[in-house]
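Participant: Here is my input, please return the structure:
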Amino acid sequence: MSNSAGRLTNHVAIVTGASSGIGLAVAQAMAREGASVVVNHRSHDEPAEELVEGIIKAGGRAIAVQADVSREEDVIRMFAETVSAFGRVDVLISNAGVQKDAAIGDMTLEDWKTVIDVNLTGQFLCAREAVRSFRAQPRKDAPSRSAGNIIAMSSVHEIIPWAGHVNYASSKGGVRMLTQSLAQEVAAEGIRVNAIAPGAIRTPINQEAWETEEALTNLLRLIPYGRIGEPEDVARAVVWLASDEADYVTGTTLFVDGGMSLYPEFRDNG
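Facilitator: Coordinates of the predicted model:
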């Protein structure tokens, strides 16, 4: 995780929801490529601090910042703490997300609002503060060709309907249009905005879907490539999108899903 030389040397990156799963793998990958990393977490102090210690021990730079991305004051403070610690913000990886699954007849308003507040409003709040930060920094001082870079963590369910998860699917559909609309708005300023849409990834949030042989077998029927994804699969895609290798890419969603979004039920002509 050393920051000696890499595609993201001299970059400062905020990774929300970085204390576990995809966010943790992304933070580690960004640090390995040379970025100074802000490890955001909402409530899990210990794993966030362990991640920061690991990055620093390997020669990188990192801090942990507690913030609830659904709270405006927390997001504003997180960006202020980032600038205070590292002097600037170059990349936002807006990864924090939650699920509160229920059939529509059983879903409470609280379940709906919690998911929308974190998964969609949180994306808006973080993106807004990132754009404000990018605009406040002289572009000539940017470590990359872009003036700033936003990567939203979406899901295959930004396009695949998901019965029993209308709050989650709605939030991710919203992320898709937020990404495209914001990219259109700020592209002329040299700010790139993209999303990553993971499919089935081996993380704690979906452990029930892969922890037993039967569950994994059922899951693999939905994945043409024949394996479940790992957090590192997503992290590598994030690093590429954050780097100058993807400088001409904006307003798009990169699917990292082993083909889950290809309607695998139609492999035998439906």
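
Participant: Residue 193: which element?
Facilitator: If you go by DSSP states H and E, residue 193 is part of strand 191-198.

Participant: gap between the helix or strand following that strand and the chain center?
Facilitator: Next in sequence after strand 191-198, counting helices and strands by DSSP H and E, comes helix 213-220. Put simply, helix 213-220 sits 26 Å off its chain's centre (CA atoms, centre = their mean, to the nearest Å).

Participant: returning to that earlier point: and the strand holding residue 193, which strands flank it?
Facilitator: When pairs are called by DSSP bridges, strand 191-198 turns out to pair with strand 148-153 (parallel), strand 253-256 (parallel).

Participant: Find the one among the ones you listed with the highest mean neighbour count.
Facilitator: Neighbour counts (mean count of other CB atoms under 10 Å) averaged over each of the strands paired with strand 191-198 peak at strand 148-153, with a mean of 26. Where C-beta positions appear, they are placed from N, C-alpha and C, glycine not excepted.

Participant: Which one of the strands paired with strand 191-198 lies nearest to residue 123?
Facilitator: Among the strands paired with strand 191-198, strand 148-153 comes nearest to residue 123, with 5.5 Å by CB to CB.

Participant: circling back: mind giving me TSV with the strands paired with strand 191-198 and columns for mean pLDDT and distance to residue 56?
Facilitator: Below are the strands paired with strand 191-198 laid out as TSV (pLDDT from 0 to 100; distance: least, CB to CB, whole Å):
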stretch	mean pLDDT	distance to residue 56
strand 148-153	98	24
strand 253-256	98	28
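
Participant: Could I get those in TSV, plus columns for distance to residue 192?
Facilitator: Converted to TSV, the strands paired with strand 191-198 look like this (distance: least, CB to CB, whole Å):
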stretch	distance to residue 192
strand 148-153	5
strand 253-256	12
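
Participant: what's the closest of the ones you listed to residue 215?
Facilitator: strand 253-256 (21.0 Å).

Participant: Next, report how far that closest one is displaced from the centre of its chain.
Facilitator: That offset, for strand 253-256, works out to 12 Å (CA atoms, centre = their mean).

Participant: residues in contact with that strand?
Facilitator: 154, 156, 158, 176, 179, 194-199, 229, 233-234, 237, 241, 261 (CB atoms under 8 Å, 6 or more residues apart in numbering).

Participant: follow-up on the earlier one: could you work out which of the strands paired with strand 191-198 reaches nearest to residue 203?
Facilitator: With respect to residue 203, and counting by CB to CB, the nearest of the strands paired with strand 191-198 is strand 148-153 at 11.6 Å.

Participant: So for the next helix or strand after the closest one, what gets flagged as buried?
Facilitator: Beyond strand 148-153 in the direction of the C-terminus, DSSP H and E gives the next helix or strand as helix 166-186. Of all the residues in helix 166-186, those buried under the rule 16 or more other CB atoms under 10 Å are 166-176, 178-180, 182-183, 186.

Participant: Name the residues of the lowest-mean-pLDDT helix or strand in the chain that are buried.
Facilitator: Scoring the helices and strands of the chain by mean pLDDT, DSSP states H and E places helix 213-220 at the bottom, with a mean of 89. Along helix 213-220, these residues count as buried under the neighbour rule (16+ other CB under 10 Å): 219-220.

Participant: what helices or strands is it leaning on?
Facilitator: Here helix 213-220 touches no other helix or strand, going by 3 or more CB pairs under 8 Å, 6 or more residues apart in numbering; DSSP states H and E.

Participant: now the strand holding residue 193 against helix 166-186, angle please.
Facilitator: Counting by axes from the mean of the first three to the mean of the last three CA atoms, to 10 degrees, strand 191-198 lies at 160 degrees to helix 166-186.

Participant: With just CA atoms, put strand 191-198 into PDB.
Facilitator: C-alpha atoms of strand 191-198 as PDB (Å, rounded to 0.1, in the frame of the first residue of the first chain):
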ATOM      1  CA  ILE A 191     -14.600  17.200 -13.800                       C
ATOM      2  CA  ARG A 192     -15.300  13.600 -14.600                       C
ATOM      3  CA  VAL A 193     -18.200  11.700 -13.100                       C
ATOM      4  CA  ASN A 194     -18.800   8.000 -13.500                       C
ATOM      5  CA  ALA A 195     -20.300   5.000 -11.700                       C
ATOM      6  CA  ILE A 196     -19.400   1.400 -11.100                       C
ATOM      7  CA  ALA A 197     -22.200  -1.200 -11.000                       C
ATOM      8  CA  PRO A 198     -21.100  -4.300  -9.200                       C
END
